[in-house]
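Trainee: here are the coordinates; sequence isn't available:
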Ligand SMILES: O=C(O)CCC(=O)C(=O)O
């Protein structure tokens with residue numbers, strides 16, 4: 001198996017993409033896919049996350065270290081069949097391939113919910129290297145609740161995916177940026193963004209509204225995965241998923 005075969009098998013070809021999403025991803029550094037998660041799937045994802053939060057308690061998200069002020073979950077590839085369709089979704093994979101432009105794999109699949117009064121993050125990129133003529137990673141945020149101005153939507157600064165790293169040029173990475181755009185969109189939307197774009201979570205100003213999202217992050221194949229999927233993969237997951245999915249996870253038998 002190679003990336004071309006994996007993408008072909010999963011129908012992740014250019015023909016599933018619109019000209020608009022390709023152009024936005026290239027020019028702004030992000031694009032939105034409204035309604036990608038159907039109602040039934042959305043409900044099953046929410047149910048699964050709540051069950052995992054209940055079961056894992058204070059250990060939730062600890063595979064990746066957690067984040068104060070948020071509920072996190074990590075290593076989701078192995079925590080439910082509901083997640084199989086996330087990292088193998090044809091439109092997502094086709095867009096990720098547009099950004100990275102070469103062989104890639106999943107790095108992490110996790111969840112994040114900013115708690116009331118919390119969740120503000122510095123403007124950052126998800127790539128430690130600034131743009132050097134090609135891109136090395138691509139992230140996606142799956143909105144499981146409506147994202148509003150009040151409940152901690154993501155902020156993104158369009159066009160910064162070809163800029164320097166925010167910490168190198170901004171005086172205050174926590175401050176609002178004059179050009180930032182807010183990811184206000186209904187549950188079921190997926191945002192695909194170049195990992196070099198400046199972005200960050202904002203504060204959940206509501207008294208108790210949830211702001212649950214999945215992050216499905218892909219990296220060029222030569223990079224290390226943030227979470228070593230081989231270390232976590234369970235037999236039942238490995239046997240359930242397709243050879244193409246195993247390729248995307250980089251858990252094929254060598
Ligand atoms: O969930 C969000 O709004 C963005 C989170 C993020 O950028 C991160 O955790 O690195």
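Mentor: Nice, I can see it. Note that the structure is predicted; figures quoted are calculated from it, not measured.
Trainee: Return the set of residues that bridge with the residue in the stretch 51-200 of the chain positioned nearest to the ligand.
Mentor: Closest residue of the stretch 51-200 of the chain to the ligand, Cβ to the nearest ligand atom: residue 154 (3.4 Å). No exception for glycine: its C-beta is placed from N, CA and C like everyone else's. With DSSP bridges applied, residue 154 shows beta-bridge pairing to residue 201.
Trainee: so how far is residue 79 from it?
Mentor: 23 Å (Cβ to Cβ, to the nearest Å).
Trainee: about what we covered before: these two touch, right, the residue of the stretch 51-200 of the chain closest to the ligand and residue 203?
Mentor: No: assessed by Cβ atoms under 8 Å, residue 154 is found out of contact with residue 203, at 11.9 Å.
Trainee: Quick check: next helix or strand after the longest strand along the chain?
Mentor: When the chain is parsed with DSSP state E, its longest strand is strand 104-114. Remark: after strand 104-114, the chain's next helix or strand is strand 137-143, criterion DSSP states H and E.
Trainee: who's in contact with that next one?
Mentor: 36-37, 45, 86, 92, 95-96, 99-100, 104, 107, 126-127, 154, 183, 185-196, 213-220, 223 (Cβ atoms under 8 Å, 6 or more residues apart in numbering).
Trainee: Show me which of the residues you listed are buried.
Mentor: Among the contacts of strand 137-143, the ones that count as buried by 16 or more other Cβ atoms under 10 Å are 36-37, 45, 86, 92, 95-96, 99-100, 104, 107, 126-127, 154, 183, 185, 187-196, 213-220, 223.
Trainee: where along the stretch 151-254 of the chain do the strands fall?
Mentor: With strands called from DSSP state E, counting those that start in this stretch, the stretch 151-254 of the chain shows them at 154-157, 181-182, 190-194, 198-201, 212-220.
Trainee: what residues does the last one touch?
Mentor: Taking contacts as Cβ under 8 Å, 6+ apart, the residues outside strand 212-220 that touch it are 45-46, 49, 76, 83, 86-87, 92, 96, 100, 102-113, 126, 136-145, 147, 195, 225-226.
Trainee: which of these are close to the ligand?
Mentor: Subset of the contacts of strand 212-220 in contact with the ligand: 112, 141, counting by Cβ under 6 Å from any ligand atom.
Trainee: Surely residue 35 touches residue 185?
Mentor: No: at 10.1 Å, residue 35 does not count as touching residue 185 under the criterion of Cβ under 8 Å.
Trainee: hmm, back to that, residues touching the residue of the stretch 51-200 of the chain closest to the ligand, list them.
Mentor: 141, 147, 182, 183, 191, 199, 200, 201, 202.
Trainee: Which residues are in contact with the third one?
Mentor: If you count contacts by Cβ under 8 Å, 6+ apart, residue 182 has them with 149, 153, 154, 155, 202.
Trainee: Can you name the residues that contact the first one?
Mentor: Right, the one you point to is residue 149. 182, 184.
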